[in-house]
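> okay, here's the prediction I keep looking at, along with the sequence it came from:
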Amino acid sequence: MPQLFSRTYWLFGQLMQSELFVHGEGITTNLKHDLGDASIQEFPCAFSARESDQYLCELIATIPWQQDTLWIAGKEIQVPRLQCWMGDRGSNYSYSGIRLEPKSWSRPVLQIKKRVEQLCQRQFNSVLLNYYRNGRDSVSWHADDEKELGKHPVIASVSFGANRKFQFRPKLKTDKRRFQMDLRHGSLLLMSDTLQNNWLHQLPKLDGLIEPRINLTFRIIY
Ligand SMILES: O=C(O)CCC(=O)C(=O)O
Ligand SMILES: [Mn+2]
């Protein structure tokens, strides 16, 4: 068992208690989570604690975060998180009626992309950044299965900041299987093959959480 420990640090003058993180593991260490008809590869320490702390602060401060809105049953609703779509020119993407035009790549995001591409042995041309300001921000059940992501979408997902739960359920309502994992500071998930075809995922709200989290989902737009 890797040794676990916790630590505290200051972010914008606010005392934060960071989540537990794995000590003594290399960036290439990876785990496979088997869901039966799909799997997820996890690199728990893709970024060191120090790199992750720096990226968390830098991305919060420098990304042009935007508050998108959705129309549900004739009502305009604010997306419960801030977002930014970044990518190569022409990598436009739409989901739930939100049309995203890419901002050009920023320096820290390109550095993160380079590490992700080394570990995943894949190239990505776009990224959706999510900023969860606290436990009231979330993502509800969905699959990233839009046609511009291809037949079997390949998505690499990086987490910085507060530890949050990531939950999965099959698209088929009668299938009662469930899967849940922790999204930790500095970790990377590679979601590919049939995951987006067969499963939905969500990041639920977390009562009482005041610490922020940043997520980057690198994608390939065809
Ligand atoms: O924040 C996360 O880890 C997941 C975000 C997500 O599912 C998405 O942006 O499609
Ligand atoms: Mn998703």
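On my side now, so go ahead. Ligands and ions are numbered 1, 2, ... in the order given.
> which positions in this protein make contact with ligand 1?
The interface of the chain toward ligand 1, taken as C-beta under 6 Å from any ligand atom, is made up of 128, 130, 139, 144, 157, 166, 183, 201, 203, 215, 217. C-beta here means a position set from N, CA and C on the backbone, and glycine is covered the same way.
> how near is the first one to Met191?
When C-beta to C-beta, to the nearest Å is applied, the distance between Leu128 and Met191 equals 13 Å.
> next: the fifth one.
In this structure, Ser157 and Met191 are 7 Å apart, going by C-beta to C-beta.
> need the nearest residue in space to Trp199, chain neighbours excluded.
Counting by C-beta to C-beta, 6 or more residues apart in numbering, the nearest residue to Trp199 once its immediate chain neighbours are dropped is Phe168, at 5.0 Å.
> pretty sure the one you found is touching His201, no?
Yes: taking C-beta atoms under 8 Å as the contact criterion, Phe168 and His201 are neighbours in contact, 5.1 Å apart.
> where exactly do the helices run in the protein?
49-62, 107-120, 195-198 (DSSP state H).
> mean neighbour count, these: which tops it?
Each of those was given a mean neighbour count from mean count of other C-beta atoms under 10 Å, and the largest, a mean of 20, is that of helix 195-198.
> can I get that helix in CSV, CA atoms only?
Coordinates of the C-alpha atoms in helix 195-198 are reproduced here as CSV (Å, rounded to 0.1, in the frame of the first residue of the first chain):
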residue,chain,number,x,y,z
LEU,A,195,-17.0,3.8,-22.1
GLN,A,196,-18.9,6.7,-23.7
ASN,A,197,-21.0,4.3,-25.7
ASN,A,198,-22.2,2.2,-22.8
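> now do that helix: distance to the chain's middle.
Using C-alpha atoms, centre = their mean, to the nearest Å, the distance from the centre of helix 195-198 to the centre of the chain it belongs to is 16 Å.
> distance of the residue of the chain found nearest ligand 1 from Arg169?
Closest contact between the chain and ligand 1, by C-beta to the nearest ligand atom, is at Asn215 (3.3 Å). When C-beta to C-beta is applied, the distance between Asn215 and Arg169 equals 19 Å.
> looking at those two, which is more packed in?
Neighbour count, other C-beta atoms under 10 Å: between Asn215 and Arg169, Asn215 has more, with 24 against 17.
> the more buried one contacts Leu183, correct?
Yes: when contacts are counted by C-beta under 8 Å, Asn215 is listed as touching Leu183 (7.5 Å).
> overlap in contacts of those two?
Common neighbours of Asn215 and Leu183 (criterion: C-beta atoms under 8 Å, 6 or more residues apart in numbering): 157, 159, 203.
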